[in-house]
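In: Below are the sequence and a predicted model for it; my questions follow.
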Amino acid sequence: MIRLRSLTLSRGGTALLDRAEATIAPGERIALIGRNGSGKTTLLAALAGELPPDGGDIEQPWREVIRLAQGLPSSTLPAWRYIVAGDARLEAARGALEQAEHDGDGVALALAHDHWQEAGGLTAEARARSLLAGLGFAPAQAEQPVDTLSGGWRMRLNLARALFAHSELLLLDEPTNHLDLDAILWLERWLLRYPGTAVIVSHDRDFLDRVAVATLHIDEGKLVRYAGGYSAFERLRAQRRQQAERARAAYDTRVAHLNAFITRFRAKATKARQAQSRLKALERMAEVAPVRALRGIEFSLHEVGDCPDPLLTAQELDAGYPGHPVLRGVELAVRRGARIGILGRNGAGKSTLVRTLVGELAPLAGEVRVSRSVRIGYFAQQGIERLRGDESALAQLQRCAPALREQALRDYLGRFGFSGEDATRPVGPMSGGEKARLALALMLHERPQLLVLDEPTNHLDAQARDALADALAEFDGAMLLVSHDRYLLRATVDTLMLVAGGRLATFDGDLDDYAAWLAQQAGSAAAGTGSTAAAGLTTAGRAAAALAAQPASGEPSSVRPAPAPAAGGHAARQERRLAAQRRAELARQLAPLDREILAVEARLSEVDLRLAALERQLADPGLYRDAAGAATVARERAALAGEKEALEERWLEHSAAREAQREAFEREAFDRTP
């Protein structure tokens with residue numbers, strides 16, 4: 001049990017926590033959230049014993065504490081060996097083993113071998129390589145010296161090192177920052193199986209919703225606990241804020257505006273899964289609109305007005321670098337009002353595609369046509385590096401709009417969180433999130449009609465992400481979005497496209513289909529049965545799997561048409577009778593799997609109900625008066641969470657097997673059809 005009693009922490013003379021109180025039960029995964037600069041990283045350092053409190057007390061009983069390193073690692077060791085070297089117990093056992101061998105001491109050698117095995121030495125290399133694979137490293141990269149890897153991959157090594165070593169308390173500060181979506185999904189599964197206590201700082205709301213059982217919010221120097229992940233925190237905090245009469249007008253105005261937009265969107269939304277997914281995301285945004293009205297950041301997007309259609313087209317486009325094409329044969333038309341999310345694994349070519357579309361990279365073949373007079377706003381992480389560190393936000397905006405009055409520019413910057421002195425201080429010492437906000441402000445001030453955004457939320461805190469999602473959701477221009485932020489994708493795009501196998505194709509599904517495809521692809525790679533695994537996917541997932549399996553120059557896969565019904569009365573009756581027999585036979589063959597699926601679903605319902613009850617108990621401060629009772633509840637909650645994950649995996653396996661069996665039956669029936 002971790003107890004924070006009247007904890008006071010400060011940094012540089014500024015108080016961050018003032019007599020804060022909190023309790024964390026064994027086995028809990030806690031989301032630690034708050035504004036940039038509120039003290040999240042400082043609190044992690046205090047929990048790790050690296051920083052003494054200025055006042056109060058931290059009761060932290062765990063000895064094996066791992067905190068995710070933030071610096072860029074440097075080593076000549078191969079990547080997998082660098083991971084193993086981060087386990088202090090394993091390295092101590094290795095040292096004792098080498099010393100005993102050097103001394104020729106048989107007794108010491110036997111003891112050293114025992115310690116080596118207890119520390120996991122026999123499986124160390126396999127475990128390290130498995131972690132690296134989960135985080136997206138290719139087998140060849142695992143052999144490369146650390147210093148030869150790029151900065152992003154080296155930062156992933158910090159995470160792999162933190163996950164590899166045995167720990168009782170795991171402290172993760174922005175673990176998803178350098179991960180793509182499939183690596184984030186893998187990390188979610190890893191954390192759900194982690195038996196220890198974890199405190200996680202992240203701005204990825206979907207990630208926190210998936211892994212956190214409770215949330216600690218740093219609010220005006222205090223720690224406020226909420227049950228559940230980030231979305232639950234937002235809902236509960238919104239309910240509390242709604243009780244404050246002083247914010248009533250802001251609440252009503254914001255909710256009415258967003259609901260009016262949802263009404264308009266519902267009238268034109270198609271039945272496509274991604275459009276319906278976006279509608280649900282907008283409705284969830286309306287639920288928490290009151291608390292967002294108080295956040296102090298409101299990204300301002302203009303009305304686009306008249307613009308050409310299409311805005312941009314690509315024909316027979318090959319994109320990449322001289323001698324190294326990444327994508328081939330890209331066909332794309334960005335129409336007026338299009339809202340396209342681009343999915344794909346890390347390194348598949350998403351950034352290469354958008355850089356070619358906006359003119360940063362020259363096409364290797366084919367062409368990109370941009371309609372005359374179209375204004376394109378392009379945001380990428382490297383754009384942050386182009387800001388002038390010795391100038392203020394105001395000075396850089398004045399250069400973009402020299403004719404506007406200073407007060408108008410200040411008002412504009414204020415909506416992006418740069419008010420008062422913040423608008424005039426140098427950009428160089430600013431945080432990554434502040435620089436990202438400024439880069440967005442400068443880009444949006446040009447009133448683009450087409451937004452091309454490559455990972456726009458990587459450095460933004462939760463409030464800034466919410467503000468950007470709200471603004472993009474209502475933007476009436478066109479948009480191409482590359483992001484691993486599932487919440488942002490759900491709330492802002494209507495169409496998904498997938499980059500895989502050197503090609504670009506429409507993904508006819510939503511993000512749940514994409515997650516299922518990623519899981520099946522991972523399973524296929526492990527088992528070497530890609531075609532069998534793909535059979536268990538939805539139509540969208542199977543199409544994506546087929547796309548990923550094609551060579552870059554291959555033709556699109558075709559779909560075999562169903563046989564036409566027989567003509568004539570007697571023939572029609574015969575056909576119906578045969579169809580009924582086929583349905584009955586199919587139902588008989590699928591019955592065992594259907595029973596398994598129903599049993600899993602019934603147990604899932606029981607587990608969900610019990611988990612909800614346990615989370616209500618854990619949210620009650622009175623529970624922690626009895627430390628043993630609280631620990632029992634936390635352990636049961638952790639065990640049920642593990643069971644839920646296993647049930648979900650079993651459900652996916654049974655569903656995949658059922659779909660494969662059904663398709664095999666239908667293919668056989670089709671082959672028998674005269």
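Out: It's in.
In: Who are the packing partners of the host helix or strand of residue 584?
Out: Using DSSP states H and E, residue 584 sits within helix 569-618. The contact analysis (3 or more CB pairs under 8 Å, 6 or more residues apart in numbering; DSSP states H and E) places helix 569-618 against strand 222-227, helix 627-672. Yep, even glycine has a C-beta here, placed from its N, CA and C like the rest.
In: Which of those has the highest mean neighbour count?
Out: Mean neighbours per residue, mean count of other CB atoms under 10 Å, is largest over the helices and strands packed on helix 569-618 for strand 222-227, with a mean of 18.
In: show me where the stretch 1-150 of the chain has strands.
Out: According to DSSP state E, counting those that start in this stretch, the stretch 1-150 of the chain carries its strands in the segments 2-11, 14-24, 29-33, 55-59, 65-67.
In: Make sure residue 327 is indeed in a helix.
Out: No - assigned with DSSP: H, G, I helix; E, B strand; the rest coil, residue 327 falls outside any helix and is strand.
In: which residues does it contact?
Out: 317, 318, 319, 320, 349, 352, 353, 499, 502, 503, 504, 552 (CB atoms under 8 Å, 6 or more residues apart in numbering).
In: still on that earlier bit, so the helix holding residue 584 versus strand 14-24, what angle?
Out: 110 degrees (axes from the mean of the first three to the mean of the last three CA atoms, to 10 degrees).
In: tell me how far helix 569-618 is from the chain's mean position?
Out: In this view, helix 569-618 has its centroid 31 Å away from the chain centroid, taken as CA atoms, centre = their mean, to the nearest Å.
In: average pLDDT across it?
Out: Mean per-residue pLDDT for helix 569-618: 74.
In: what's the answer for stretch 352-370, then?
Out: In this model, stretch 352-370 has a mean pLDDT of 92.
In: Tell me how far the closest residue to residue 212 other than its chain neighbours lies from residue 486.
Out: Sequence neighbours aside, residue 31 is the residue nearest to residue 212 in space, at 3.8 Å (criterion: CB to CB, 6 or more residues apart in numbering). Noted for residue 31: a distance of 16 Å to residue 486, by CB to CB, to the nearest Å.
In: Likewise for residue 496?
Out: Taken as CB to CB, the span from residue 496 to residue 486 is 11 Å.
In: what is in contact with these two at once?
Out: residue 511.
In: Counting neighbours, what do you get for residue 141?
Out: 17 (other CB atoms under 10 Å).
In: can you tell me which residues contact it?
Out: 79, 132, 149, 153.
In: out of these, who's nearest residue 603?
Out: Top of the list for closeness to residue 603, among those and by CB to CB, is residue 132 at 34.1 Å.
In: can you give me the mean pLDDT across stretch 200-211?
Out: Stretch 200-211 comes out at a mean pLDDT of 91.
In: Give me the contacts around it.
Out: Under CB under 8 Å, 6+ apart, the answer for stretch 200-211 is 29-33, 40-41, 44, 172-176, 184, 187-188, 191-192, 198, 212, 215, 228-232, 457, 460-462, 465, 484-487.
In: Go through the strands of the stretch 1-150 of the chain and name the closest to residue 437.
Out: strand 29-33 (17.9 Å).
In: For that closest one, list the C-alpha coordinates in PDB.
Out: Taking Å, rounded to 0.1, in the frame of the first residue of the first chain, the C-alpha atoms of strand 29-33 are listed here in PDB:
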ATOM      1  CA  ARG A  29      -2.700   0.700 -12.300                       C
ATOM      2  CA  ILE A  30      -3.100   4.400 -11.700                       C
ATOM      3  CA  ALA A  31      -3.300   7.100 -14.300                       C
ATOM      4  CA  LEU A  32      -1.600  10.300 -13.100                       C
ATOM      5  CA  ILE A  33      -2.900  13.300 -15.000                       C
END
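In: Name every strand pairing with that strand and say which way it goes.
Out: strand 197-201 (parallel), strand 214-219 (parallel) (DSSP bridges).
In: Surely residue 455 touches residue 489?
Out: No - the criterion here is CB atoms under 8 Å, and residue 455 misses it with residue 489 at 11.6 Å.
In: Show me how far the helix or strand encompassing residue 433 is from its chain's centre.
Out: According to DSSP H and E, residue 433 maps onto helix 432-444. Relative to its chain's centre, helix 432-444 lies at 21 Å (CA atoms, centre = their mean).
In: residues making contact with it?
Out: Residues from elsewhere that reach helix 432-444 (CB under 8 Å, 6+ apart): 36, 297, 299-302, 377-379, 383-384, 387, 393, 396-397, 400, 412-413, 416-418, 427, 430, 456, 458-461, 464, 468.
In: okay, now residue 202: neighbour count?
Out: Residue 202 has 23 nearby residues by other CB under 10 Å.
In: mind checking how far it is from residue 175?
Out: From residue 202 to residue 175 the distance is 7 Å (CB to CB).
In: Tell me where the stretch 451-600 of the chain has helices.
Out: 462-474, 486-492, 511-527, 530-534, 539-549, 569-618 (DSSP state H, counting those that start in this stretch).
In: Output the below-cut-off pLDDT ranges for the stretch 401-550 of the chain.
Out: Applying pLDDT under 70 to the stretch 401-550 of the chain flags residues 522-550.
In: cool, and the stretch 151-300 of the chain?
Out: 240-298, 300.
In: how about a cut-off of 50?
Out: Residue ranges of the stretch 151-300 of the chain with pLDDT under 50: 244-247, 294.
In: Quick one: the helices in it, in order.
Out: 151-164, 181-193, 205-211, 230-242, 248-268, 273-287, 289-292.
In: Could you check which of residue 455 and residue 489 has the larger neighbour count?
Out: Applying other CB under 10 Å to residue 455 and residue 489 shows that residue 489 carries more neighbours, namely 26 against 20.
In: right, and that one touches residue 342 too?
Out: No - with contact defined as CB under 8 Å, residue 489 does not count as touching residue 342 (9.6 Å).
In: hey, what's in contact with both of those two?
Out: Joint contacts of residue 489 and residue 342 (CB under 8 Å, 6+ apart) are 481, 496.
In: Please list the outside residues in contact with the host helix or strand of residue 411.
Out: Here residue 411 sits within helix 406-414, counting by DSSP H and E. For helix 406-414, contacts defined as CB under 8 Å, 6+ apart pick out 300, 393, 394, 397, 398, 401, 419, 423, 441, 445.
In: what's the offset of stretch 412-424 from the middle of its chain?
Out: 29 Å.
In: what does stretch 505-512 give?
Out: Worked out by CA atoms, centre = their mean, stretch 505-512 lies 16 Å from the chain centre.
In: Show me where the stretch 301-450 of the chain has its helices.
Out: 350-357, 382-385, 393-400, 406-414, 432-444.
In: so can I have CSV of those showing mean neighbour count and distance to residue 104?
Out: Shown next, in CSV, are these (neighbours: other CB atoms under 10 Å; distance: least, CB to CB, whole Å):
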stretch, mean neighbour count, distance to residue 104
helix 350-357, 23, 57
helix 382-385, 15, 57
helix 393-400, 18, 68
helix 406-414, 16, 72
helix 432-444, 22, 54
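In: now residue 499, nearest residue through space, not along the chain?
Out: residue 344 (3.4 Å).
In: Count residues in the vicinity of that neighbour, would you?
Out: 25.
In: Please look at it and residue 351 and confirm they touch.
Out: No - assessed by CB under 8 Å, residue 344 is found out of contact with residue 351, at 9.8 Å.
In: Which neighbours do these two have in common?
Out: With CB under 8 Å, 6+ apart, residue 344 and residue 351 have no common neighbours.
In: show me the residues around residue 469 that make contact.
Out: 285, 487, 488, 491, 492.
In: what about the residue nearest to residue 143 when sequence neighbours are not counted, distance to residue 136?
Out: Spatially, and ignoring its direct neighbours in sequence, residue 143 is nearest to residue 78 (5.2 Å; CB to CB, 6+ apart). According to CB to CB, residue 78 and residue 136 sit 17 Å apart.
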